[in-house]
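Asks: Got a predicted structure here, sequence first:
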Amino acid sequence: YIHVELEGEVKENCDIKVHTTGKVEVTMTKVNENKQWNKIGEPLEDDKKFILTTEAGLRYRKCHLASIQPVTHDTNLYAFYLPTASRMHVPVGCHVYLRTHVSGVEITRPYTVVPPSLDPNQHIDQWKLRSEGKVIYLMIKIYPQGVFTQHIVSLKTGDSIEISNWDGDFKTSSGDDCSNLVMFAAGTGFTPIASLLHYCTQVKKKDNRKISVILFNKKVKDIPWRTELEKLVETVPDVQVTNVLSEPDNDWDGLNGRIRKELIDKFLPSSKNDILICACGPIEFTKETMRLCKDQGFTNAHLHAFLV
């Protein structure tokens, strides 16, 4: 931690750059730019403490709703502004906790942070705010009987909710060098997959890396970012997206049903080299996917389950 009482006042907005080396550069502007400081300030209680992120615990901050964009008939993309002068860059596949009080009872829920879209050429202003760490985006499904999501859906632009620092154990290094990336997602388990998909197609590109995404939903109307996924497949030749529906309409000519050995056999290569297999969704779905993959000879070194 750097915990310092500055010698003088600074303006609310600051510039934070996170370099690929891990170096973090913070630039603040003095309110009185003509005044010379003798030193940066006085160290406070937590200054120069080294604490593992896994041991730091959750710290909540009040964030304000910036915008709401529909994703499907029951899922929205929510953008939240962090407090002024606060910045947070959430690693790929990691989540934050939202906290509120309903009828005097504290309720928290985890949500994986997603990119504002799968196309970096759209919503340029949103991408800029995200890159600056000023805004986080959450894809949230609204449940009619869900106490927490009913509170979320009641929020108006400018309303606030508490959001924690990030948590999660996914390491992008596990997928950086793989030649085959296979991702299974059910329902809103799409969120970490969306984050990883953006990372592998826009941030850490690799020639000849094959990416397969298998999405499980009830109906066509439940598929998140369907148009964006179709566009991604058209523009990135090595990306393949397959939809599997459990309650398809009569005109559906694609795959149907639930996760099963037949699908595992269809999408997993015979080679165990340079492959990463990810799964996210309801706990039963994720565990069954992992089990089926292990039955095919894949080990924990090949697998990552997004579980909260």
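Replies: Everything's here; your move.

Asks: Every contact and neighbour count from this point should use C-alpha atoms.
Replies: Will do.

Asks: sec struct for Asp119, please.
Replies: With DSSP: H, G, I helix; E, B strand; the rest coil as the basis, Asp119 sits in coil.

Asks: for it, what are its contacts?
Replies: Each residue near Asp119 by CA atoms under 8 Å, 6 or more residues apart in numbering is listed here: 228, 232.

Asks: So for stretch 14-33, what gets flagged as buried?
Replies: 16-17 (16 or more other CA atoms under 10 Å).

Asks: got the end-to-end distance for it?
Replies: The straight-line separation of the ends of stretch 14-33 (CA to CA, to the nearest Å) is 14 Å.

Asks: same check, this time on stretch 134-145
Replies: Between the opening and closing residues of stretch 134-145 there is a gap of 32 Å (CA to CA).

Asks: Give me the buried positions along that stretch.
Replies: Of all the residues in stretch 134-145, those buried under the rule 16+ other CA under 10 Å are 134-142.

Asks: So which of those sit within helices?
Replies: The members of the buried residues of stretch 134-145 all map outside helices under DSSP state H.

Asks: Quickly name whichever of those is closest to Val182.
Replies: Nearest to Val182 out of those is Met139 (CA to CA; 21.5 Å).

Asks: and of the buried residues of stretch 134-145, the nearest to His19?
Replies: Taking CA to CA as the measure, His19 lies nearest Lys134 of those, at 16.6 Å.

Asks: That closest one and Ile152, how far apart?
Replies: Between Lys134 and Ile152 the distance, using CA to CA, works out to 20 Å.

Asks: Make JSON lines out of the buried residues of stretch 134-145 and add pLDDT and distance to Lys17.
Replies: Formatted as JSON lines, the buried residues of stretch 134-145 follow (pLDDT from 0 to 100; distance: CA to CA, whole Å):
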{"residue": "Lys134", "pLDDT": "89", "distance to Lys17": "12"}
{"residue": "Val135", "pLDDT": "95", "distance to Lys17": "15"}
{"residue": "Ile136", "pLDDT": "95", "distance to Lys17": "16"}
{"residue": "Tyr137", "pLDDT": "97", "distance to Lys17": "19"}
{"residue": "Leu138", "pLDDT": "98", "distance to Lys17": "22"}
{"residue": "Met139", "pLDDT": "98", "distance to Lys17": "26"}
{"residue": "Ile140", "pLDDT": "98", "distance to Lys17": "28"}
{"residue": "Lys141", "pLDDT": "97", "distance to Lys17": "32"}
{"residue": "Ile142", "pLDDT": "96", "distance to Lys17": "35"}
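
Asks: for the residues you listed, which one is nearest Val90?
Replies: Nearest to Val90 among these is Ile136, at 8.2 Å by CA to CA.

Asks: dump the residue contacts of the closest one.
Replies: Residues in contact with Ile136, defined by CA under 8 Å, 6+ apart, are 79-82, 113-114, 130.

Asks: how about these in JSON lines, adding neighbour count, pLDDT and secondary structure?
Replies: Output for these, formatted as JSON lines (neighbours: other CA atoms under 10 Å; pLDDT from 0 to 100; DSSP: H, G, I helix; E, B strand; the rest coil):
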{"residue": "Ala79", "neighbour count": "23", "pLDDT": "97", "secondary structure": "strand"}
{"residue": "Phe80", "neighbour count": "24", "pLDDT": "97", "secondary structure": "strand"}
{"residue": "Tyr81", "neighbour count": "22", "pLDDT": "96", "secondary structure": "strand"}
{"residue": "Leu82", "neighbour count": "22", "pLDDT": "95", "secondary structure": "coil"}
{"residue": "Val113", "neighbour count": "23", "pLDDT": "97", "secondary structure": "strand"}
{"residue": "Val114", "neighbour count": "28", "pLDDT": "97", "secondary structure": "strand"}
{"residue": "Arg130", "neighbour count": "21", "pLDDT": "87", "secondary structure": "helix"}
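
Asks: among these, which two are most distant?
Replies: Taking every pair in those and measuring CA to CA, the maximum separation is 15.4 Å, between Leu82 and Val114.
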